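[1] Fold the stuff below for me.
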Amino acid sequence: MQLQQLAYFVAVAEARHFTHAAERMRVAQPSLSKQIKALEADLGAPLFSRARGNVTLTAAGEALLPLARRMLADADTARREVAELVGLRRGRVRLGATPSLCAGLMADALARFHRDYPGIELLVEEGGSRDLVRALARGQLDLALIIMPLQSDDPALATEEVLRENLVVVSPTDSPVRRPYLRMEELRGRPMVMFRRGYDLREATLSACRQAGFEPRLSVEGGEMDAVLRFVEAGLGIALVPSMVLDGRPGLTGTPLAPPGLQRTIAIARRKDVEPTRAARAFHDTLLFFLAEAAHDGSLPEGLELITTG
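    Numbers count the residues shown, from 1 in each chain. Take a look at the predicted model:
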């Protein structure tokens, strides 16, 4: 029994005429009749009664008709599902993320996506949230992981909060801060390594210091994540960084801030006025599944907490 035979059978059953059914199926009438006879031979029963030019269903035909329609519908659904997957054999996802996420979480999430969709090209832009938001606005990115809240001059974005990120005070391991916690006030007067202007962590550090009533004493400024961590390792000062970036850096030690600590919210952002591509939607879903799985089995990087809804 073949799907094409079932399609011919349904066409004849609905038209009650072999020639009309053949025209509907765009096949020669003798070929259609031959396939119907093959189907009847396979089933071991006639499906149509052909008396005096009238075509009617036999009892076997009446029994087969709803089953054939269902099988053809299921086959069509299967084709559509496979077509969706085939459509994702090629394409690209342009993703932006902060350096702390690129250095930690994103590598594993990208590996998962690449495993599931090996034909999709992945383009990753690393930068601060303000830079990433501008890239989204210019249409240079499909999705970006940014720090909330958005600035007042940001374009209209759809955002979905997914993670909370803890910041710690980082110092060299050979001269660590030997305290379980530090209060922001205790950083007054201590040399600090500062990120470049426009960098999210720079704004977070300056804001936290000012809320504690002081301006930070800057020993060096202008770097991004790797440079800042190296400057701290070299003893140039301390810095506020996400705890997850310390993984694999034995020369650095992170000290938490006293409760409630200092946290940032990470969100997935995209433009509201542009529908994401199927590849971008697939990455979004893969990322959320990856985060939920990691939170469930305890493998989220240190300092990250999944934001759950509902």
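
[2] and the biggest strand by length in the chain, how far from the chain's centre?
    In the chain, taking DSSP state E as the definition, the longest strand is strand 157-172. Offset of strand 157-172 from its chain centre (C-alpha atoms, centre = their mean, to the nearest Å): 18 Å.

[3] Same check on stretch 37-48?
    Relative to the chain's own centre, stretch 37-48 is displaced by 50 Å; criterion: C-alpha atoms, centre = their mean.

[4] Residue 66 in helix, strand or coil?
    The three-state assignment at residue 66 reads helix, by DSSP: H, G, I helix; E, B strand; the rest coil.

[5] While we're on it, how confident is the model there?
    The per-residue pLDDT reported for residue 66 equals 90.

[6] Could you check how many residues crowd around it?
    Residues lying near residue 66 (other C-beta atoms under 10 Å) number 9. C-beta here means a position set from N, CA and C on the backbone, and glycine is covered the same way.

[7] can you check the one 5 residues further on too?
    If you count neighbours by other C-beta under 10 Å, residue 71 ends up with 16.

[8] How about the one 4 residues further on?
    Residues near residue 75, counting by other C-beta under 10 Å, number 13.

[9] now it: how far from residue 113?
    Counting by C-beta to C-beta, to the nearest Å, the separation of residue 75 from residue 113 is 30 Å.

[10] Sketch out the helices for the stretch 201-310 of the chain, chain order is fine.
    Under the criterion DSSP state H, counting those that start in this stretch, the stretch 201-310 of the chain contains helices at 225-233, 278-297.

[11] Residue 304 is nearest to which of those helices?
    helix 278-297 (8.5 Å; C-beta to C-beta).

[12] Where do the domain boundaries of this structure fall?
    3-87, 91-306 (automatic domain parsing).

[13] follow-up on the earlier one: so which of the helices of the stretch 201-310 of the chain is the most packed in?
    Mean neighbours per residue, mean count of other C-beta atoms under 10 Å, is largest over the helices of the stretch 201-310 of the chain for helix 225-233, with a mean of 19.

[14] what angle do that one and strand 157-172 make?
    With axes from the mean of the first three to the mean of the last three C-alpha atoms, to 10 degrees defining the directions, helix 225-233 sits at 20 degrees from strand 157-172.

[15] Now do helix 225-233: which elements does it pack against?
    Using 3 or more C-beta pairs under 8 Å, 6 or more residues apart in numbering; DSSP states H and E as the contact test, the elements touching helix 225-233 are helix 99-103, strand 157-172, strand 191-195, strand 239-242, strand 252-256.
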